[in-house]
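> Here is my input; please provide its structure:
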Amino acid sequence: MSSRPSAPFLEPRHVCGGLLLLCSCLPVFVSQALARPQAGGVTAAGPRVRMVRSVAGSKGEQRGGSYVILDPRTKFYVPDDRQVIVYFEWEAPKGTHHCEGTVKGPNGQLAVMSSFDYPATQGKFGGYWTMPLLENSSPGLWTFESRVDGEFSGELRFEIVSAKRPADAAKEEALPTPQEIYSHAVAAVALVEKLDEKGHPFGAGSGFPVGENSLLTSFRVIDGARQLRIQFADGSHIEIESLIAWNRREDWAIVQADGRKMSTLPVAASKSWSVGDHCYWLDTKPDGGRVIADGQIVGKESRQGWGERISISNTFNTAATGGPLLNERGEVIGFLGGTLAETLVPRISSDVQVSAGGNATYAITGSAVPIGVVAPPSNGTPATLQTLWAEGQFTPPITAARNVTFGMMTQGKPQKGRAFAKEMKLEFTRQDDSATILVALVSTEALKATTELRMYDADNRPVSKGEAVKISLRRGDPQERYWTFSLGGFPAGVYRADVLLGDAVAWRTYFRVRE
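As a prediction, the model looks like this:
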């Protein structure tokens, strides 16, 4: 190899929020001329840009709008290696940023990339450059420096060696492929089915092992069950009635699975994730099959008394709830779920559809719980599902929805001789005088029963219990029932309203009262 200094061609690329942009720019050599020096006082300002990480390698690919270095390393051999790819991630305010890169060789040769402007829609974005390795590329230590908005935003050093790559050269661990992540996750994730008092399934979610004889899932996956059926990846299953630990507000539960040999997933270090990171999870198909899904971490929040949550860029099916959230290395950083009291109240709009059972269907950002919040006791004593029922931890399932054709909550109350404006409303203030719940009941055969309205707070504690009223339904003949109540006695918070037909919940809604 010639020792003559060489100037590599750099191909800059940048990614953010699933968008990949390409800029083809020639290097510009730095002039040695100096401008006339000037001086002056200014107000001190802190850095606006922070480098999150930098990595180099010889191979890379796009994954879900992000760019992944497949063989991260810092030493490259000519002629065996044909290129060096350098990748940077930055945190910066949203908006358009002016970005450039500079590479400096061991002999002092310097090349500056032509600049580009990038409109960042998120607070985190990345860029990568490809540098071909030529036969006359100077051996030694090279430095790549990045700048965003004229501000130094990180550097990465790598070494070029003029020799064949040794057979025993240390290899840094490559990131797993999506196929490898999928295979490991599918082998570890189990189906968690809720069974009623008759042993019939009425809901399902997912779970995965977090230790010997224990399976982690979302609390809402087990909520309301009399028994749980766990079906493992090998097709075997067990039925259990015990939990090792749980936290209803933080939305996690550890299920006891004695005598089961389960595949495990590596767990990432606590707080190793950040907004903008690429992530994976297993979603479910209608037939129960597992499919790999990916996206980005788009937010995080922490509510006092409810714990921490991770927001991801896509939604997932109900049966995927409780499954692992994985980073690019296939390590567990959390699990799907994370219901907050505030999210129980749907936002009423033209896009919202409310079923007869009182359940609203609408698109929301996916939520997950960081794995670090789970704190199983060292010597936990298993508790039965019946214990959680007795303690009021569980929410009774809706089992008589077939007897409801319509249900809604609105402000005000019906008055004799005047039409009642039936406009759905689930947000109130304590100054609102009253609210009304309207439900249309029906039966496929003559039915005599009782109906009543019960109210609970976000912790399932009873707030009010109406009087059970006898009702007689004729076959196929809907009958409307009203319940009107004052809002002044409700402290600010989220509440649950259940309409019962006999002992079964026929309709449910959640509503919020503000000051």
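> C-alpha from now on. contacts and neighbour counts both.
Fine.
> Might you report the residue contacts of G105?
Neighbouring residues of G105 by Cα atoms under 8 Å, 6 or more residues apart in numbering: 138, 140-143.
> which SS state does W389 fall under?
What DSSP: H, G, I helix; E, B strand; the rest coil gives for W389 is helix.
> distance of it from R508?
W389 sits at a distance of 19 Å from R508 (criterion: Cα to Cα, to the nearest Å).
> The two: which has the busier surroundings?
R508 (22 against 16; other Cα atoms under 10 Å).
> thought the more buried one was touching P397?
No. R508 is not in contact with P397 according to Cα atoms under 8 Å; the separation is 9.5 Å.
> before we move on, which element is the nearest residue to Y280 once chain neighbours are set aside in?
Sequence neighbours aside, D294 is the residue nearest to Y280 in space, at 4.3 Å (criterion: Cα to Cα, 6 or more residues apart in numbering). Element membership for D294, per DSSP states H and E: strand 290-303.
> List the contacts of that strand.
Counting contacts by Cα under 8 Å, 6+ apart, the residues outside strand 290-303 that touch it are 17, 64, 178, 182, 186, 274-285, 308-314.
> how deep is A188 tucked in, by neighbour count?
Neighbours of A188 (other Cα under 10 Å): 19.
> all strands of the stretch 401-515 of the chain, in order?
Residue ranges of the strands in the stretch 401-515 of the chain, as given by DSSP state E, counting those that start in this stretch, are 404-411, 427-429, 434-441, 447-457, 462-465, 469-473, 479-486, 493-501, 504-514.
> One more: the stretch 251-400 of the chain?
Using DSSP E, counting those that start in this stretch, the strands assigned to the stretch 251-400 of the chain run over residues 252-256, 278-284, 290-303, 307-312, 324-326, 332-336, 353-354, 360-361, 366-370, 383-384.
> again, but for the stretch 101-250 of the chain
Per DSSP E, counting those that start in this stretch, the stretch 101-250 of the chain carries strands over the ranges 110-113, 116-120, 124-132, 140-148, 151-161, 190-195, 201-211, 214-217, 227-231, 237-240, 242-247.
> looking at those strands, which is buried most?
strand 214-217 (a mean of 26; mean count of other Cα atoms under 10 Å).
> and it, what does it pack onto?
If you count contacts as 3 or more Cα pairs under 8 Å, 6 or more residues apart in numbering; DSSP states H and E, strand 214-217 packs onto strand 201-211, strand 252-256.
> Next, format those strands as TSV and append mean pLDDT and distance to A401.
What follows is the helices and strands packed on strand 214-217, written out as TSV (pLDDT from 0 to 100; distance: least, Cα to Cα, whole Å):
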stretch	mean pLDDT	distance to A401
strand 201-211	93	13
strand 252-256	92	27
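> so which of those gets nearest M408?
Among the helices and strands packed on strand 214-217, the nearest to M408 by Cα to Cα is strand 201-211 (23.8 Å).
> In the sheet, which strands lie alongside that closest one, parallel or antiparallel?
When pairing is defined by DSSP bridges, strand 201-211 lines up against strand 190-195 (antiparallel), strand 214-217 (antiparallel).
> out of everything not next to it in sequence, what's closest to Q231?
The shortest distance from Q231 to any non-neighbouring residue, by Cα to Cα, 6+ apart, is to H237 (4.2 Å).
> Tell me who's in contact with that neighbour.
Going by Cα under 8 Å, 6+ apart, the list of residues near H237 reads 229-231.
> Which of these sits closest to V78?
Closest to V78, out of all of the contacts of H237 and judged by Cα to Cα, is Q231, at 52.5 Å.
> For V267, give the beta-bridge partners.
Beta-bridge partners, per DSSP bridges, of V267: V332.
> again, but for K300
With DSSP bridges applied, K300 shows beta-bridge pairing to I310.
> From I312, how far off is it?
According to Cα to Cα, K300 stands 9 Å off from I312.
> Looking at those two, which is more packed in?
Each of K300 and I312 has its neighbours counted (other Cα under 10 Å); I312 has more, 26 against 16.
> Just the local confidence number for the residue nearest to that one when sequence neighbours are not counted, please.
Of all residues not flanking I312 in the chain, I297 sits nearest, at 4.5 Å (Cα to Cα, 6+ apart). With respect to pLDDT, I297 scores 87.
> Burial check on I297, number of neighbours?
When neighbours are counted by other Cα under 10 Å, I297 comes out with 24.
> Ok, I222 next?
Applying the criterion other Cα under 10 Å, we find 26 residues in the vicinity of I222.
> my guess is it contacts K194, does it?
Yes. Contact status for I222 versus K194: in contact at 6.2 Å, counting by Cα under 8 Å.
> what do the two both touch?
The contact sets of I222 and K194 overlap at L228 (Cα under 8 Å, 6+ apart).
> Skip the chain neighbours and tell me the closest residue to F158.
Counting by Cα to Cα, 6+ apart, T74 is the residue found nearest to F158 once chain neighbours are left out, at 4.6 Å.
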